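Novice: Coordinates only, no sequence provided:
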DNA sequence: ACTTGCTTTAGACAATGTCTATTGTAGGAT
DNA sequence: ATCCTACAATAGACATTGTCTAAAGCAAGT
């Protein structure tokens, strides 16, 4: 994702300090941050950045396919910079920790025609839930 | 789900007009309503029912395992009265229509040990996304 | 009928996200 | 190098969804 900024510039994205900072935050650690967490870290680098800009920028990155939006809990959306390698998620039901996982098999093929109701299916999202080792120990 | 009220009474649930109405709404149509949609329909049957009561009652029904909570979009949670037959969901990316579906195979078995990170996995949630026939036609 | 403890209520509050009108500025044009 | 203009950022109001609290109500056992 280090060349993210180049790719975006190539697509006609106007480069601003704010957008650079948001991209840096996402690039920084490969975790799954909420929009407000991204905002908090962006503020640390560029104190005058506004909440709306972070929300807008994240929305644009999602539209451009550079970042994925995941809703593992029913609270805030989280942003996953690992958009170019398809994957699913494993979530701790207790502490909310999230790991990227890669199940074997092709879940798209597992839905029979009779269960498709005429939909044109484009995507599957799988969320495994369980308890992580830390929470199991506690 | 018609004997829901009996089951709950058997579990020591105190029966009230409000709870009866919420159960009736869920029982009424097998759709996936949001909490506020449930509230709107409940008000039609019992005008003085409050929002908090609907939220509380839905939460209790979920705890009791009588209703499932699904988050197919990242907006409001939806409540699925079809809790006793495990299933997954197919969602129209355009209009948000939701269908219950039953993929073949066992997705729990599709996550290799090496991808479990020591978690004790208890559940998988699959959401297929696509475009429904209505939206495809339009 | 009485009592008790569970339920309901209204509305304040909280968290997350969206929108608007104004101000700022990136980057091409001159 | 400077100017222009369209796009971007800002502050803060607003919207949606959900939670909490203190007071009043009521179901069901005695």
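Specialist: Good, I have the coordinates. All values reported here derive from a predicted model rather than from experimental measurement.
Novice: what helices or strands is the helix or strand that contains residue A:125 leaning on?
Specialist: Here residue A:125 sits within strand A:120-131, counting by DSSP states H and E. Contact partners of strand A:120-131 among helices and strands, from 3 or more C-beta pairs under 8 Å, 6 or more residues apart in numbering or on different chains; DSSP states H and E: strand A:88-92, strand B:120-131. The way it works is simple: take the backbone N, C-alpha and C, and place the C-beta from them, glycine included.
Novice: at 10 Å what do you get?
Specialist: strand A:68-70, strand A:88-92, strand A:98-101, strand B:88-92, strand B:120-131, helix B:133-137 (3 or more C-beta pairs under 10 Å, 6 or more residues apart in numbering or on different chains; DSSP states H and E).
Novice: Quick check: chain neighbours aside, which residue is closest to the residue sitting nearest the centre point of chain A?
Specialist: With distances taken as C-alpha atoms, centre = their mean, the residue of chain A nearest its centroid is residue A:80 (2.2 Å). Nearest non-adjacent residue to residue A:80, counting by C-beta to C-beta, 6 or more residues apart in numbering or on different chains: residue A:68, 4.3 Å away.
Novice: which parts of chain A sit against DNA strand D?
Specialist: Neighbours of DNA strand D within chain A, by C-beta under 7 Å from any atom of the strand: A:13-14, A:16, A:18-19, A:46, A:48-53, A:56-57, A:74.
Novice: May I have the residues that are in contact with the residue lying farthest from the centre of chain A?
Specialist: Farthest-out residue of chain A from its mean C-alpha position, per C-alpha atoms, centre = their mean: residue A:114, at 31.8 Å. For residue A:114, the contacting residues are B:101, B:102, by C-beta atoms under 10 Å, 6 or more residues apart in numbering or on different chains.
Novice: coming back round to it: what number of residues are in the vicinity of the residue nearest to residue A:80?
Specialist: Residue A:68 has 20 neighbouring residues, counting by other C-beta atoms under 10 Å in any protein chain shown.
Novice: Now do the same contact list for it.
Specialist: Counting by C-beta under 10 Å, 6+ apart, residue A:68 has contacts A:32, A:61-62, A:77-84, A:86-87, A:89, A:125.
Novice: how near is it to residue A:16?
Specialist: The gap separating residue A:68 from residue A:16 is 23 Å, by C-beta to C-beta, to the nearest Å.
Novice: repeat for residue A:4
Specialist: For residue A:4, the distance to residue A:16 - C-beta to C-beta - is 14 Å.
Novice: remind me which residues of chain A are low pLDDT?
Specialist: A:1-2 (pLDDT under 70).
Novice: mind running it again at 90?
Specialist: Along chain A, the model assigns pLDDT under 90 to residues A:1-12, A:27-31, A:71-75, A:82-86, A:93-97, A:105, A:136-138.
Novice: How about the residues of it by DNA strand C?
Specialist: Residues of chain A lying close to DNA strand C (C-beta under 7 Å from any atom of the strand) are A:9, A:14-17, A:34-36, A:51-52, A:55, A:59, A:75-77.
Novice: go again using 6 Å as the cut-off
Specialist: A:14-17, A:34-36, A:51-52, A:55, A:75-77 (C-beta under 6 Å from any atom of the strand).
Novice: Let me know the closest of these to chain B.
Specialist: For the residues of chain A next to DNA strand C, the minimum distance to chain B (C-beta to the nearest C-beta) is 5.1 Å, reached by residue A:77.
Novice: Distance from the chain centre to stretch A:54-68, please.
Specialist: Centre-to-centre, stretch A:54-68 and its host chain are 9 Å apart (C-alpha atoms, centre = their mean, to the nearest Å).
Novice: in that stretch, what counts as buried?
Specialist: A:54, A:57, A:58, A:61, A:62, A:66, A:67, A:68 (16 or more other C-beta atoms under 10 Å in any protein chain shown).
Novice: picking up where we left off before, please identify which of residue A:4 and residue A:16 sits among more neighbours.
Specialist: More crowded of residue A:4 and residue A:16, by other C-beta under 10 Å: residue A:4, with 20 against 12.
Novice: For the residue farthest from the centre of chain A, give its distance to residue A:125.
Specialist: Residue A:114 is 22 Å from residue A:125, where distance means C-beta to C-beta.
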